[in-house]
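Colleague: Please find the sequence and the predicted model below.
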Amino acid sequence: MVEVKKPEVPQEIRLITILGPTATGKTSRAVQLAFELNAEIISADSRQVYRGMDIGTGKDLVEYQNIPYHLIDICEAGEKYNLHKYIKDFHKALKDIKSGGKNVILCGGTGMYLETALSGVILPDVPMNESLREELEKLPLEKLTEILKTYKNLHNTTDVDTVKRAVRAIEIEEYYQKHPEEAHFADRKKASPIDSLIIGIDIPRDVRRKRISRRLHARLEEGMVDEVKNLLDNGIAAEDLIYYGLEYKYLTLHVIGKLTYDEMVRQLEIAIHQFAKRQMTWFRGMERRGFKIHWLPYNLSNEEFIDRVKSLL
């Protein structure tokens, strides 16, 4: 019997991205790969950056074992972390890991963070424009949306889901008009994409739904309601937790008496299923926008998964 040799891993430092909808086991796959490829992990999750928000965000830090991870637990709950801060932190983490001679695994499900990081854009520090803000904050959201449309096409509606966000988005666009040299680096059409092998975790919709429901009930049993109560008791405003969405929105509404326990569970479960669908829509959009995603079955064995990834390197 002829022995089949495993593919050799290239010696140069590589960035590998693992993405997929929620509840597909991305973290465990990233850890398996990190052990095999001498890599460190950068998280691409918009809520795992917050300290104290552990069960609801599914950090599962024990899964990392002794693999170093980055961009988890880097700010306090209640803060407004955003894409600009993430891109800045991502580039720093990427540089730090590479300088140590390690491979890098970018892992998560926040499509906007993943795509922006991989597109290679560099977002400048845009200062507040107090006079512009004073003028804009008097306007209704509908008018702000119309103003923002004069600057750019609104592919991302989260720019305009609140007055505060719309004002900031206009503030940024106004800054870009006055500083075209910085706008150049923030324009994805002019940026140089970061070379990365992108692996997607492919899972059938019905299996994904079952895993989401099973995981939700497991987290509730683990103490997710108490986690939210502790955050509120520690001074985090209810509206700040609601702002984070999904688990923190519905659990907070339950804790403050707006939803019964059964209403909370039912509405939250529906919301997570809808979220997973939106994630897949974003990833398919990434493919249309030129990102090559290699989709691998969710149920591969550890060895099969590693071998498949190595064969793609």
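Modeller: Cool, the structure landed. Numbers count the residues shown, from 1 in each chain.
Colleague: C-alpha from now on. contacts and neighbour counts both.
Modeller: OK.
Colleague: Might you list the low-confidence residue ranges for the chain?
Modeller: By pLDDT under 70, the low-scoring segments of the chain are 1-11, 153-161.
Colleague: okay, which residue is most central for it?
Modeller: Closest residue to the average C-alpha location of the chain: Thr110 at 2.5 Å, with C-alpha atoms, centre = their mean.
Colleague: mind checking the backbone torsions on Asp54?
Modeller: Main-chain dihedrals, Asp54, degrees, to the nearest 10: phi -100, psi -60.
Colleague: Neighbours of it, how many?
Modeller: When neighbours are defined as other C-alpha atoms under 10 Å, Asp54 has 19 of them.
Colleague: Spit out the contact partners of it.
Modeller: Asp54 makes contact with 48, 60, according to C-alpha atoms under 8 Å, 6 or more residues apart in numbering.
Colleague: Do you have the strands of the stretch 101-250 of the chain handy? List them.
Modeller: Residue ranges of the strands in the stretch 101-250 of the chain, as given by DSSP state E, counting those that start in this stretch, are 103-108, 197-202.
Colleague: buried residues in the first one?
Modeller: Taking 16 or more other C-alpha atoms under 10 Å as the basis for neighbour counts, the residues of strand 103-108 that come out buried are 103-108.
Colleague: tell me what that strand is packed against?
Modeller: With contacts taken as 3 or more C-alpha pairs under 8 Å, 6 or more residues apart in numbering; DSSP states H and E, strand 103-108 sits against strand 15-19, helix 26-37, strand 39-44, helix 83-99.
Colleague: mind running it again at 7 Å?
Modeller: Helices and strands touching strand 103-108, by 3 or more C-alpha pairs under 7 Å, 6 or more residues apart in numbering; DSSP states H and E, are strand 15-19, helix 26-37, strand 39-44.
Colleague: go on, the last one?
Modeller: In this structure, strand 197-202 makes packing contacts with strand 15-19, strand 293-297, judged by 3+ C-alpha pairs under 7 Å, 6+ apart.
Colleague: Who does that strand pair with, and is each partner parallel or antiparallel?
Modeller: Using DSSP bridges, the strands paired with strand 197-202 are strand 15-19 (parallel), strand 293-297 (parallel).
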